[in-house]
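[1] Return a 3D structure for these sequence lines:
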Amino acid sequence: MTVGVPSLAPIALTPSTDRAGLRLLTLAHAFTDLNQGVLPVMIPFLVAQRHLSLTVAATLVLAANLLGSVVQLGFGHLSDKRPIAWVIPAGVIVAATGTALVGLAPTLPLMLAGAMLMGFAVAAFHPEGSRFSNYFAGRKRSSGMSFFTVGGFVGFAAGPVLATPLLLAFGLRGVAFLLIPACVVAALLWRELPRFNEVRARAHLEHRERPGRNDWRGFSIMAVVVALRSTTFLAAVTFTPIFVLRVVHVNAFVQSFTLFSLLSGGAIGTMLGGLLGERIDRRRVVTLSMILTAIFGLAIALTGAAFHLVALTVPLAALFGLSLGLSAGVLVVLGQEYLPKSIGVASGMTLGLANTIGGIAAPAFGHIGDQFGLVSVFVTIAIFAVLALGGSLFMPAPALYRRTAGQAGTLHP
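    Residues are numbered from 1 along each chain as shown. As a prediction, the model looks like this:
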């Protein structure tokens with residue numbers, strides 16, 4: 001029996017994909033998550049110019065994600081009840097404002113406030129952005145969500161590339177220049193709000209909500225996998241820049257290029273994962289992703305320690321990102337399939353829990369780096385990937401998978 005994913009009635013207004021809508025949402029996602037990519041590349045500058053320890057600098061990552069779970073759950077619940085599309089442009093500009101504050105702030109409390117403001121805006125953006133990507137994706141939810149998720153990886157990847165020249169030229173204050181493109185993107189989004197609200201209203205009027213009941217048990221198991229995967233991801237993007245600086249001994253431009261390679265690999269992996277998720281059981285895509293992530297995470301640690309060769313580290317970082325990206329969009333779709341009656345809450349809990357748990361773990365990884373060296377950080381990252389792999393094996397099939405299998409004997413895209 002061939003096992004894949006069922007063709008389910010989507011939330012989208014029409015079975016076809018609204019490519020223009022998805023492109024706009026992906027652009028918004030990129031310029032929102034760009035701020036999360038800027039923060040890790042600021043850490044070496046904060047250590048050098050503000051004399052922070054690795055543990056304290058990593059606490060900024062915690063601050064950026066501290067409220068993520070509550071904020072995304074709250075906005076997800078609210079978006080299930082009423083239209084709040086205005087959150088999308090607001091999230092873009094407020095996130096950039098928070099990042100600028102981290103660079104401009106003269107004291108640690110103000111830096112923490114800026115990081116928290118940035119994290120709040122990013123958290124508020126994701127549930128509504130995920131909802132509309134579902135509307136615009138039509139029947140191709142897995143590939144549509146992956147396309148939207150790629151925007152996050154592109155933003156993460158572009159963050160270091162855009163921020164490093166600004167940091168080198170103007171110091172930490174240079175990140176304030178990123179407010180300029182954020183304002184432009186927010187203006188474009190604001191202009192399209194009437195269209196967004198119309199799409200949502202018509203979708204609900206025509207009762208396009210997916211059938212089925214919420215499976216909280218399956219969702220809870222998946223949430224553990226999401227939290228472990230997110231810890232792996234955030235630890236990697238936080239400590240890759242300083243890992244290649246101190247272990248591989250490269251300059252600031254190469255360290256930003258290494259992080260760019262990791263995140264670019266993640267973008268490619270996300271698209272591949274979306275395509276795979278339309279053809280095979282999405283749970284197995286997650287399993288494959290975690291197997292490869294563990295392998296390449298350990299390879300980075302061993303080759304960085306033994307050879308100190310950027311020629312090996314950069315491609316391994318790209319492969320690590322590709323492996324991790326395979327599961328990015330797929331997990332969001334799975335969460336929405338476990339909770340088909342509450343997709344705002346599903347998106348908010350999935351993304352919020354992921355960011356919060358990963359952010360909480362960042363100072364712990366910083367402590368490992370301070371006490372045992374940065375190679376140990378990547379060994380621990382590989383261990384977390386193995387734990388996520390184990391959890392993925394216990395995720396049950398969403399109820400709609402099981403019903404389709406019972407009726408037809410075969411699941412198909």
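
[2] Is the residue most central in space within the chain in a helix, a strand, or coil?
    Among the residues of the chain, the one closest to the centroid is Gly152, at 5.8 Å (CA atoms, centre = their mean). Secondary structure state of Gly152, per DSSP: H, G, I helix; E, B strand; the rest coil, is helix.

[3] my guess is it contacts Asp33, does it?
    Yes: the criterion here is CB atoms under 8 Å, and Gly152 meets it with Asp33 at 4.1 Å. Where C-beta positions appear, they are placed from N, C-alpha and C, glycine not excepted.

[4] joint contacts of these two?
    With contacts taken as CB atoms under 8 Å, 6 or more residues apart in numbering, Gly152 and Asp33 have no neighbour in common.

[5] can you pull out the helices in the stretch 251-400 of the chain?
    Listed in chain order, the helices of the stretch 251-400 of the chain (DSSP state H, counting those that start in this stretch) span 252-277, 282-307, 310-325, 328-338, 343-372, 374-392, 399-408.

[6] which helices and strands sit right next to the second one?
    When you say that, I think you mean helix 282-307. Here helix 282-307 touches helix 216-246, helix 252-277, helix 310-325, helix 328-338, helix 374-392, going by 3 or more CB pairs under 8 Å, 6 or more residues apart in numbering; DSSP states H and E.

[7] now the third one: how far from the chain's centre is it?
    The gap between where helix 310-325 is centred and where its chain is centred comes out at 17 Å by CA atoms, centre = their mean, to the nearest Å.

[8] quick check: angle from that helix to helix 252-277?
    30 degrees (axes from the mean of the first three to the mean of the last three CA atoms, to 10 degrees).

[9] now what about helix 310-325, what contacts it?
    By CB under 8 Å, 6+ apart, helix 310-325 touches 153, 229, 232-233, 236, 240, 244, 248, 250, 254, 257-259, 261-270, 272-273, 289, 292-293, 295-297, 299-300, 303-304, 385.

[10] CA atoms only: put that helix into PDB for me.
    Provided in PDB are the C-alpha atoms of helix 310-325 (Å, rounded to 0.1, in the frame of the first residue of the first chain):
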ATOM      1  CA  VAL A 310      36.300  26.900   6.400                       C
ATOM      2  CA  ALA A 311      36.300  24.900   3.100                       C
ATOM      3  CA  LEU A 312      34.700  22.100   5.100                       C
ATOM      4  CA  THR A 313      32.700  24.100   7.600                       C
ATOM      5  CA  VAL A 314      30.700  26.200   5.100                       C
ATOM      6  CA  PRO A 315      29.300  23.300   3.000                       C
ATOM      7  CA  LEU A 316      28.600  21.300   6.200                       C
ATOM      8  CA  ALA A 317      26.700  24.300   7.500                       C
ATOM      9  CA  ALA A 318      24.600  24.500   4.300                       C
ATOM     10  CA  LEU A 319      23.800  20.800   4.500                       C
ATOM     11  CA  PHE A 320      22.900  21.100   8.200                       C
ATOM     12  CA  GLY A 321      20.500  24.000   7.300                       C
ATOM     13  CA  LEU A 322      19.000  22.000   4.400                       C
ATOM     14  CA  SER A 323      18.400  19.000   6.700                       C
ATOM     15  CA  LEU A 324      16.800  21.100   9.400                       C
ATOM     16  CA  GLY A 325      14.700  23.000   6.800                       C
END
